[in-house]
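Peer 1: fold the stuff below for me.
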Amino acid sequence: MDPEQDAASASGDGRKGRPSVALVLSGGGARGAYEVGVLRYVRERLGVDTRFDIITGTSVGAINGAYIAATVDRPKAQARALQRMWTELTIDRVYDFGWRQLRKIPQVLFGKRLPKTPHGGRVGGLVDSTALEQLVREQVPWRQLTENLARGHLDAFSVTATEVATGLSTVFVQTRDHRTPLWTEGPNETVVRTGITAAHTMASAAIPVLFPAVKVGDQFFVDGALRQNTPLRPALRLGARRLLIIGLRHGESPVERRARQRAEAEALYPNAFFLLGKLLNSLMLDKVQADLARIEQTNRMLRAGREAVGPEFASRLSAAMGRRAPWHEVETLMIQPSEDLGRIAWEVVHGTGLRGYDGVVPNIIRRSVEADERSSQGESDLASYILFDPEFVRRLIELGYADAARHHEQLLHLFRSEEDDGAHASSTGS
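Peer 2: Presented below is the predicted three-dimensional model:
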């Protein structure tokens, strides 16, 4: 990703006198419940127009994003409805993993040719995702998503997946005007304009080995988080001038994170469940903090240029570089968990014992928590990605809501109108 170039493309003006605001949703499996809590606060507590012009998502963020895009015409009700959908999820509704799937393990791990699933277009994977896909098809009003774009309730929606054959990050884009946006594809990225369906979102959320690869068109795709867990670049390329980014990793400093991770590794290695959790962390790892820093660097360059050259600096720079769109500053706000989600997962499983659940996946979760009890931190990264349980979901939604509340003023600033900017300038200048 090249945020310096991306920031230049963000030339879109939102409707009703406000620059375009994008909602950027990260991947992270069951951690996606946190995004629902943030959305609830935004919809219920700000008291201003909280319309999103652009929505981009990867993995579970693609599923959440599809629901939000399809219900964006009724913002007050959508957050509560999405919360109900999440709190009704259970492990057995998401995972179909029994003896039949156990027998597939040698095929999946050692490369034997795998049969497609009964409904076609799916291959590989330890877990049968049929039940989850049916849930996504039934719960998301897909026709309304297209209607919302056609009626101007939304400018663009995109989901990101990874093409199996090439390893390219593939961005599936659906826009209001049916045009492919201005987009300079990078060496590891391709863009496809299409009508987004359940298949695209399931492809974006197909964690390799765990879930089957999903066929879209002539190619198979897996989880978009492998290349782009937090899809900033699509939001900027689609014209966003302001970004609300919801991350799903604990917002500790890099120094704190490294110290904690080293202590965990010393206590738990070579625990297989610990390694699986770290593997999922690695798969979901992206460069969002570095990208945000580079966007801010570009913003500072544009501000300095205006002070030195004048208000025409951005347009002159764009013309000199042969750009089709002028450079613009991009505002960003990132909200991410103030608590370690692995620790919350550990507390939930340790406290409830997952009573009422039986089968392979619940036992794997229990074993992972038992194995991680040796950690002084008391956490389970593995469980936090796969624990689709009402209590865990409730805890994450509450945390997302509380973390959004801590950013109340920044959120109001993000959704402000240009009239608000003018009033602020007048008051400070008088």
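Peer 1: which residues of the stretch 1-150 of the chain fall in strands?
Peer 2: Secondary structure of the stretch 1-150 of the chain (DSSP state E, counting those that start in this stretch): strands at 13-14, 18-19, 21-25, 54-58, 122-123.
Peer 1: tell me the buried residues in the helix ranked longest in the chain?
Peer 2: Counting residues, the longest helix in the chain under DSSP state H turns out to be helix 288-309. Residues 288, 291-292, 294-296, 298-299, 301-302, 305 are the ones in helix 288-309 that count as buried (16 or more other CB atoms under 10 Å). C-beta here means a position set from N, CA and C on the backbone, and glycine is covered the same way.
Peer 1: what average pLDDT does that helix get?
Peer 2: If you average the pLDDT over helix 288-309, you get 91.
Peer 1: just to revisit the earlier point, nearest to Pro234, out of the buried residues of helix 288-309: which one, please.
Peer 2: For the buried residues of helix 288-309, the residue nearest Pro234 by CB to CB is Asp291; the value is 12.2 Å.
Peer 1: check the gap between the residue lying closest to Thr162 once chain neighbours are set aside and Asp381 for me.
Peer 2: Using CB to CB, 6 or more residues apart in numbering and skipping residues adjacent in sequence, the residue nearest Thr162 is Leu226, 4.5 Å away. Distance, Leu226 to Asp381, by CB to CB, to the nearest Å: 17 Å.
Peer 1: surely Phe221 forms part of a strand?
Peer 2: Yes: under DSSP: H, G, I helix; E, B strand; the rest coil, Phe221 falls within a strand.
Peer 1: would you check that it makes contact with Thr166?
Peer 2: No: if you go by CB atoms under 8 Å, Phe221 and Thr166 don't touch, sitting 10.5 Å apart.
Peer 1: more crowded one of those two?
Peer 2: Shown here are Phe221 and Thr166; by other CB atoms under 10 Å, Phe221 has more neighbours (25 against 11).
Peer 1: how about Ser59: what's its closest non-neighbour residue?
Peer 2: That would be Gly27: by CB to CB, 6+ apart, it lies 2.6 Å from Ser59.
Peer 1: next one, pLDDT for that neighbour please.
Peer 2: With respect to pLDDT, Gly27 has a value of 93.
Peer 1: residues contacting it?
Peer 2: 57-62, 204-205, 223-225, 229-230, 248, 284 (CB atoms under 8 Å, 6 or more residues apart in numbering).
Peer 1: read off the pLDDT value for Met1.
Peer 2: 43.
Peer 1: thinking again about what came up before, neighbour count winner among Leu226 and Asp381?
Peer 2: Asp381 (25 against 22).
Peer 1: measure the more buried one to Val192 for me?
Peer 2: From Asp381 to Val192 the distance is 32 Å (CB to CB).
Peer 1: for the stretch 251-400 of the chain, just list every one of the strands.
Peer 2: Going by DSSP E, counting those that start in this stretch, the stretch 251-400 of the chain shows strands at 331-335.
Peer 1: for it, which segments count as helices?
Peer 2: For the stretch 251-400 of the chain, the helices defined by DSSP state H, counting those that start in this stretch occupy 254-268, 272-283, 288-309, 313-320, 341-352, 360-372, 381-386, 390-406.
Peer 1: which of the ones you listed is buried the deepest?
Peer 2: Most buried of the helices of the stretch 251-400 of the chain by mean neighbour count (mean count of other CB atoms under 10 Å) is helix 381-386; its value is a mean of 27.
Peer 1: which elements pack onto whichever helix or strand Arg227 is part of?
Peer 2: Using DSSP states H and E, the element containing Arg227 is helix 225-228. Contact analysis of helix 225-228 by 3 or more CB pairs under 8 Å, 6 or more residues apart in numbering; DSSP states H and E lists strand 156-163, strand 169-175 as its packing neighbours.
Peer 1: wait, Arg395 touches Asp340, no?
Peer 2: No: under the criterion of CB under 8 Å, Arg395 lies out of contact with Asp340, with a separation of 11.9 Å.
Peer 1: circling back to that earlier point, want to throw the helices and strands packed on helix 225-228 into TSV with mean neighbour count, mean pLDDT and distance to Asp53?
Peer 2: Below are these laid out as TSV (neighbours: other CB atoms under 10 Å; pLDDT from 0 to 100; distance: least, CB to CB, whole Å):
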stretch	mean neighbour count	mean pLDDT	distance to Asp53
strand 156-163	29	96	8
strand 169-175	23	95	11
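Peer 1: and these: which comes nearest Ala69?
Peer 2: strand 156-163 (4.4 Å).
Peer 1: elements contacting the closest one?
Peer 2: Checked by 3+ CB pairs under 8 Å, 6+ apart, strand 156-163 has strand 54-58, helix 60-70, helix 142-150, strand 169-175, helix 198-204, strand 219-223, helix 225-228, helix 232-237 packed alongside it.
Peer 1: which of these sits closest to Ser129?
Peer 2: helix 198-204 (6.7 Å).
Peer 1: what's near enough to touch Asn188?
Peer 2: Asn188 neighbours (CB under 8 Å, 6+ apart): 167-169, 227.
Peer 1: report the buried members of the residues you listed.
Peer 2: Buried among the contacts of Asn188 by 16+ other CB under 10 Å: 168-169, 227.
Peer 1: need those residues in a markdown table (columns: distance to Thr160).
Peer 2: Listed next are those as a markdown table, based on distance: CB to CB, whole Å:
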| residue | distance to Thr160 |
| --- | --- |
| Leu168 | 11 |
| Ser169 | 6 |
| Arg227 | 7 |
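Peer 1: just those now: which is nearest Leu317?
Peer 2: Using CB to CB, the buried ones among the contacts of Asn188 come closest to Leu317 at Ser169, 28.0 Å.
Peer 1: tell me what the closest one is bridged to.
Peer 2: Thr162, Glu189 (DSSP bridges).
Peer 1: then the one 4 residues further on?
Peer 2: Bridge pairing for Val173 (DSSP bridges) gives the partners Ser158, Arg193.
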